[in-house]
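**Student:** Got a predicted model here, sequence first, then my questions.
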Amino acid sequence: MNARHTHPTVPENLVRLTAGLVFLCSLAGLLLRSGWPFLFLAVDFALRAFFRPRWSPLAAFSRLVLAPALKLPLEHLISLAPKRFAAAIGTALCAGAVLSWILGSAAGLLACGGLLAVFSALESGLGFCAGCQLYGLGIRLGLVAPENCPECVVRDQ
C-alpha cells in the first residue's frame, strides 16, 4: 500500500493486463462455443471478488510473468473496492455463460460471454471499467460508503 492510500489498492497496469487475459479467455469461449473457459473465469473472478485477489491465477500470471516481461511500471495504484465489485459482476456474467452452455442456449452464452468480452476489452485497452462506473453510481446514490473509494468521490465531484 502506498502512503497516500489508506484503503486497499492495486496497480492499474496489473488490472489492465488481467483484463486482457480475461478478454482472451472469453474470446476462446465464444469462438469454441464452450462453457469451459467461462467456468475457469468464474472461479478466477470469484477469487478476486470474494476471497483474495492474489489467489487469482490470471492476476498472478499478470503480476509474476507479464508485468516483469513487459517491464511495466506498477506504481500507479487504484482503489481495490470497485475492482472487487467489477469482479463480482464478472462472476455473474461467467455463471450466466456457463449455465447457458449447460442448458444449450447459444444465445445466452453469446450474450453473457459477449458482454464479458466487451467489458474486458474496454478495461484492458482503454482503462474504462464499467463495474467501477456502477460502483461510483452506488456511492452517488448512497448505496456504498464513500470511504471505500476516495477516487470515486473525487472523480464524481
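**Tutor:** Received the coordinates, thanks. This is a predicted model, so every value here is computed, not measured. Residues are numbered from 1 along each chain as shown.

**Student:** Arg54: neighbouring residues, count only.
**Tutor:** 11 (other CB atoms under 10 Å). Using the backbone N, CA and C atoms, a C-beta is placed for each residue, glycine as well.

**Student:** ok, the closest residue to it other than its chain neighbours - how many residues close by?
**Tutor:** Leaving out its chain neighbours, the residue that sits closest to Arg54 by CB to CB, 6 or more residues apart in numbering is Ala60, at 6.8 Å. Counted with other CB under 10 Å, the neighbours of Ala60 add up to 16.

**Student:** Wasn't Ser34 part of a strand?
**Tutor:** No: Ser34 is assigned coil when assessed by DSSP: H, G, I helix; E, B strand; the rest coil, not a strand.

**Student:** from memory it sits against Trp101, does it?
**Tutor:** Yes: under the criterion of CB atoms under 8 Å, Ser34 makes contact with Trp101 at 6.8 Å.

**Student:** neighbour count winner among those two?
**Tutor:** The neighbour count for Ser34 versus Trp101, taken as other CB under 10 Å, is higher for Trp101 (22 against 16).

**Student:** What distance do you get for the more buried one to Ala107?
**Tutor:** According to CB to CB, to the nearest Å, Trp101 stands 11 Å off from Ala107.

**Student:** thinking again about what came up before, any idea how far Pro150 is from the residue nearest to Arg54?
**Tutor:** In this view, Ala60 and Pro150 are 27 Å apart by CB to CB.

**Student:** center of this structure, which residue is that?
**Tutor:** Most central in the chain under CA atoms, centre = their mean is Ala87, positioned 4.4 Å from the mean C-alpha point.

**Student:** Ramachandran angles for Leu103?
**Tutor:** Backbone geometry at Leu103, expressed as degrees, to the nearest 10, gives phi -80, psi 0.

**Student:** Give me the outermost residue of this structure relative to its centroid.
**Tutor:** The centre of the chain is farthest from one residue, Gly104, which by CA atoms, centre = their mean lies 26.2 Å away.

**Student:** can you pull the pLDDT of that one?
**Tutor:** pLDDT, Gly104: 97.

**Student:** Over to Asp156?
**Tutor:** At Asp156, the model reports a pLDDT of 54.

**Student:** tell me, what's touching Ser34 and Trp101 both at once?
**Tutor:** Residues touching both Ser34 and Trp101 (CB atoms under 8 Å, 6 or more residues apart in numbering): there are none.

**Student:** Show me where the protein has its helices.
**Tutor:** Along the chain, counting by DSSP state H, helices occupy 12-32, 36-50, 57-61, 67-70, 80-103, 106-126, 130-140, 150-155.
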